[in-house]
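> Below is the sequence, then the predicted model.
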Amino acid sequence: MKILLVEDESKVANFIMRGLQEEGYTVEVAEDGKKGLELVTTGDYDIVLLDLMIPEIDGIEVLKRARKAGIETPVLIITAKSSKEDVIRGLDTGSDDYLTKPFSFEELLARIRALLRRSRKPVPLTLEYRDISLNPYSRKLSVAGKEAELTEKEFLIMEYMIKNSERPLTRKEIAEYVWQSQDDSSNIVDVYVNFLRKKIEPLSDRKFIHTVRGVGYILKEDHEKA
């Protein structure tokens, strides 16, 4: 998925860009409305994140010109402006959703996922690693066609592991992704990883989730179980 971010505050832009890249999105950044309009009308994006208070050409005008040019890419306005008039003006101009600063990154991701589901462009139904497929809608995990149903937390752990396959993940990283917590002193991550292993192992003669001593866990394929 390719995202265009039009944002002139460098700290905000870098924060959003890094977070989205970690989630597997490709991100391009425009620091003013002139560049943003050029990119949105010439590039191929799945979604546009558009600040209203940007130099050269303001966000409303960028949106207005893009829609006039026939660009139908979903647009999520992100701005410090929060009055009802600003919201109505943005929606009437052609935005698909509106997010007011400051916002949590988790809320931004949720809004992006919702817009992508509603857009005409197909959204991948599954995440895949080797013979593993993970369906985000049914929360079903399958290995070579054999299925298991996951709980919400098991699903989020598996989702994070597939997105970061063959890379060691610390317990803290997993806790932040699944529970939005930086506390890695609890054994809750170990407990849920163990639940997940018990669901995966009957589906295959291979081992996928491995413990990395002193670090956490890694998703990689072994041809035989230990």
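That came through, no problem.
> by contact count, what packs against the helix or strand where E28 lies?
Element membership of E28, judged by DSSP states H and E, is strand 26-30. Judged by 3 or more CB pairs under 8 Å, 6 or more residues apart in numbering; DSSP states H and E, strand 26-30 is in contact with strand 2-6, helix 10-22, helix 33-42. Placement of C-beta: from N, CA and C, glycine included.
> where along this structure do the strands fall?
2-6, 26-30, 47-50, 75-79, 97-100, 127-129, 132-135, 140-143, 146-149, 169-170, 207-212, 216-222 (DSSP state E).
> Do I have it right that G216 meets R171?
Yes: using CB atoms under 8 Å, G216 is in contact with R171, at 4.6 Å.
> mind showing which ranges of the protein have poor pLDDT?
81-84, 86-87, 90, 119-125, 181-186, 223-226 (pLDDT under 70).
> Can you give the domain ranges for it?
Following automatic domain parsing, one finds the domains of the chain at 2-118, 127-222.
> Could you report the neighbour count for T42?
Neighbours of T42 under the rule other CB atoms under 10 Å: 9.
> scratch that, K199 is what I was asking about
17.
> Next up, the contacts around the spatially closest residue to it that is not a sequence neighbour.
Excluding the flanking residues, the one nearest K199 by CB to CB, 6 or more residues apart in numbering is A148, at 4.3 Å. Contacts for A148 (CB atoms under 8 Å, 6 or more residues apart in numbering) come out as 140-142, 199-200, 202-203.
> Could you turn the buried ones of those into a ChimeraX selection?
Entered in ChimeraX, the line below selects the buried ones among these, by 16 or more other CB atoms under 10 Å:
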select :141,142,199,200,203
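> ok so, going back, hey, which of the strands of the chain is tucked in deepest?
Mean neighbours per residue, mean count of other CB atoms under 10 Å, is largest over the strands of the chain for strand 47-50, with a mean of 26.
> Return the distance of the spatially closest residue to E152 that is not a sequence neighbour relative to Y160.
Nearest non-adjacent residue to E152, counting by CB to CB, 6+ apart: R139, 7.3 Å away. Going from R139 to Y160 by CB to CB, to the nearest Å gives 14 Å.
> ditto for A69
38 Å.
> cool, and F15?
From F15 to Y160 the distance is 20 Å (CB to CB).
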